[in-house]
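Undergrad: model this:
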Amino acid sequence: MDELVKNRLTEYPDLKLLIDGVWASVDTRASIAVTNPATREVLGFVPVATRQDLQMAVEAASKAFAHWKKRTPLDRSSILRRIADLVRERKDRLAVILTLEQGKTLAESQGELTAVADTFDWMAEEGRRVYGRIVPSRFPNVEQMVIYEPVGVVAALSPWNYPAALGARKVATALAAGCTVVLKPAEETPGIWVALAELCVDAGVPNGVLNLVFGNPSEISDFLLSHPAVKKVSFTGSIPVGLMLAEKAARSLKKITLELGGHSPVFLAEDTKPEHVARLAVASKFRNAGQICHSPTRFFIHSKIYQRFVESFVEGASALRVGNGLHQGVQMGPLANGRRVKAMEDLVADAKQNGSRILTGGERCSDDRGHFWKPTVIEDLSENVRLLREEPFGPIALMIPFDSIEEAVTKANQLSVGLGSFAFTNSISTAKYLQDNVEAGSLSINTFTITPPEVPFGGWKLSGTGSEMGSEGLIEHFNIKTVLRTEV
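TA: Have a look, this model is predicted:
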């Protein structure tokens with residue numbers, strides 16, 4: 001074993017459940033092995049919550065809600081700010097935990113944890129600004145008010161690709177609103193939320209306000225969505241699972257926020273500097289090995305600059321150093337698990353069978369110890385290629401030429417998903433056309449930057465419903481009550 005990796009392993013936490021302020025280990029419970037995707041070595045064993053554990057977690061959250069919702073917004077804000085401060089203080093250790101179990105580079109892990117701190121900071125402030133309103137009455141001596149009351153217990157189900165940041169969005173928003181949480185992070189990446197939950201306790205989060213459970217995802221979601229005390233569900237993950245959860249939530253009319261898959265288009269107009277954009281695009285596309293729901297994947301490039309952009313992009317992708325995220329100089333880590341590698345193999349094989357050209361990559365890396373896949377660029381994509389319809393969720397970029405921006409937008413909008421999108425142009429009219437016609441929850445023009453905490457993030461069509469973050473995401477954690485009051 002590499003000496004650096006061996007030393008880092010000592011920083012991985014003991015994996016436990018957190019229920020009503022009490023930590024519960026594997027003990028007599030079943031467990032799931034957690035492995036390092038770069039080495040396939042076992043990091044630890046995460047306990048599987050029993051039905052009794054889940055019942056206790058919901059009861060604890062329900063009991064704690066009665067007190068937490070009555071804490072002043074200023075009081076809750078101070079706790080959330082302390083969480084943000086502690087994340088920044090402990091960022092280096094937390095980043096190691098995240099890289100060990102998820103695979104991304106240390107620099108990417110540190111960036112994700114900065115986003116976690118920013119999320120808690122922003123919600124600490126926005127939670128103080130849920131004002132309600134007074135509506136002028138049409139009748140004399142009648143007061144009309146619209147007030148917001150926290151919805152109650154939130155079931156939060158977060159994924160493995162950005163486990164710290166996406167879990168933080170759910171927890172910070174719920175706590176800022178005065179709600180309590182039962183959080184089920186992904187079993188592939190449990191360590192980061194065990195460490196973050198410890199940090200939340202240290203920051204003063206009361207017992208029962210945040211509960212942490214792991215186990216069989218379908219069993220846990222079935223339990224939480226059928227429990228009458230759970231009033232809201234927040235899920236980030238695949239479209240099929242999201243549709244199933246939406247159906248279950250509808251049976252009891254629970255509030256639900258779904259952030260599901262995407263297949264983000266990138267539009268490059270003919271007035272773009274292709275070599276410059278290619279450098280930015282390589283960095284964005286292969287961040288986290290392309291395992292990002294809004295990862296730029298379908299590159300629609302004007303035919304006049306197509307060759308220049310593709311050559312620059314392929315050169316940059318081919319030069320990326322792939323390896324263990326703990327090692328210095330590594331620019332792309334492994335895929336999170338063997339399932340993702342198999343998915344890349346199947347998608348590339350399908351593309352080849354349909355006449356596509358693999359310009360670089362298209363295969364596993366020579367290091368077979370981990371789940372490594374070479375950055376891949378593909379062109380000459382016929383309509384039958386699965387990659388044009390299916391999100392790869394990995395380090396695969398598709399090159400597609402176009403002659404008119406209208407043609408490119410029409411092709412991009414044909415899919416039933418619409419999460420993120422990107423565009424590069426120096427033309428105000430082209431930018432306005434894209435802004436008005438691209439069917440997606442977000443559009444970044446002349447940048448690959450995505451939405452920060454202060455603006456909402458959500459999908460159109462099958463990419464989800466509702467929003468996370470921004471004031472819009474916070475308001476989704478409240479029930480709205482209209483009060484009319486007059487004298488007797």
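Undergrad: only C-alpha atoms for contact and neighbour calcs from this point on.
TA: OK.
Undergrad: Off-centre distance for the longest helix seen in the chain?
TA: Ranked by residue count, the top helix of the chain under DSSP state H comes out as helix 106-126. Distance of helix 106-126 from its chain centroid, counting by Cα atoms, centre = their mean, to the nearest Å, is 13 Å.
Undergrad: Give me the helices and strands touching whichever helix or strand comes after it, please.
TA: The helix or strand immediately downstream of helix 106-126 is strand 133-135, counting by DSSP states H and E. Under the contact definition 3 or more Cα pairs under 8 Å, 6 or more residues apart in numbering; DSSP states H and E, strand 133-135 sits against strand 142-150.
Undergrad: contact partners of the strand it packs on?
TA: Under the criterion Cα atoms under 8 Å, 6 or more residues apart in numbering, residues 69, 130-137, 177-179, 477-487 lie in contact with strand 142-150.
Undergrad: The same query, at a cut-off of 6 Å, please.
TA: Strand 142-150 is contacted from outside by 132-135, 177-179, 477-486, using Cα atoms under 6 Å, 6 or more residues apart in numbering.
Undergrad: Report all helices and strands that whatever helix or strand comes next after that strand contacts.
TA: For strand 142-150, the following helix or strand on the C-terminal side (DSSP H and E) is strand 153-157. Judged by 3 or more Cα pairs under 6 Å, 6 or more residues apart in numbering; DSSP states H and E, strand 153-157 is in contact with strand 180-184, strand 230-236.
Undergrad: Tell me which of these is the most buried.
TA: Among those, ranked by average contacts under mean count of other Cα atoms under 10 Å, first place goes to strand 180-184 (a mean of 28).
Undergrad: Note down every partner strand of that one and its orientation.
TA: Paired strands of strand 180-184, with direction, are strand 153-157 (parallel), strand 210-212 (parallel) (DSSP bridges).
Undergrad: Determine how far the last one lies from the middle of the whole chain.
TA: Put simply, strand 210-212 sits 19 Å off its chain's centre (Cα atoms, centre = their mean).
Undergrad: which residues touch the helix or strand where Ile358 lies?
TA: Using DSSP H and E, Ile358 sits within strand 357-360. For strand 357-360, the external contacting residues (Cα under 6 Å, 6+ apart) are Thr376, Val377, Ile378, Glu379, Asp380.
Undergrad: Which of the residues you listed fall within helices?
TA: Among those, no member lies in helices (by DSSP H).
Undergrad: Farthest-apart pair in those, please.
TA: Thr376 and Asp380 (13.8 Å; Cα to Cα).
Undergrad: neighbour-wise, which of these two wins?
TA: Ranked by neighbour count (other Cα atoms under 10 Å), Thr376 and Asp380 place Thr376 first, with 22 against 17.
Undergrad: Please report how far that one lies from Gly262.
TA: Per Cα to Cα, to the nearest Å, Thr376 is found 19 Å from Gly262.
Undergrad: For Glu112, see how far away Ala431 is.
TA: From Ala431 over to Glu112 (counting by Cα to Cα), the distance is 30 Å.
Undergrad: for Thr173, that is, sorry about that
TA: Counting by Cα to Cα - Thr173 and Glu112 are separated by 17 Å.
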